[in-house]
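Asker: Kindly return the folded structure for what I paste below:
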Amino acid sequence: MRVITIRRVPDNLHSRFKALCALENISIQGKVVELIQAYVEREEKKKGK
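Answerer: Down below sits the predicted model:
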């Protein structure tokens, strides 16, 4: 498994994202992986993979 570091995320955006993750009872890491997976699947489907 790889580690991804995201730098320079605006404080306000980070706070809002963290709060939304908490409401879903999911970690920030878990949500980021979920979002990346959804993006990859959507793009692959568009490209017919």
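
Asker: and the gap between Ile36 and Gln29?
Answerer: 11 Å (Cβ to Cβ, to the nearest Å). Just so you know, the C-beta spots here come from the backbone N, C-alpha and C atoms, and that holds for glycine as well.

Asker: Also Asn12?
Answerer: According to Cβ to Cβ, Asn12 and Gln29 sit 20 Å apart.

Asker: ok, Glu34 - how many residues close by?
Answerer: 13 (other Cβ atoms under 10 Å).

Asker: Report the contact partners of it.
Answerer: Contact partners of Glu34, counting by Cβ atoms under 8 Å, 6 or more residues apart in numbering, are Ile26.

Asker: hmm, 6 Å instead?
Answerer: By Cβ atoms under 6 Å, 6 or more residues apart in numbering, no residues touch Glu34.

Asker: how far away is it from Ser27?
Answerer: Taken as Cβ to Cβ, the span from Glu34 to Ser27 is 10 Å.

Asker: do the same with Gly48
Answerer: From Gly48 over to Ser27 (counting by Cβ to Cβ), the distance is 33 Å.

Asker: do Val33 as well
Answerer: Taking Cβ to Cβ, one finds Val33 at 9 Å from Ser27.

Asker: Next: Glu41.
Answerer: 21 Å.

Asker: Thanks a lot, catch you later.
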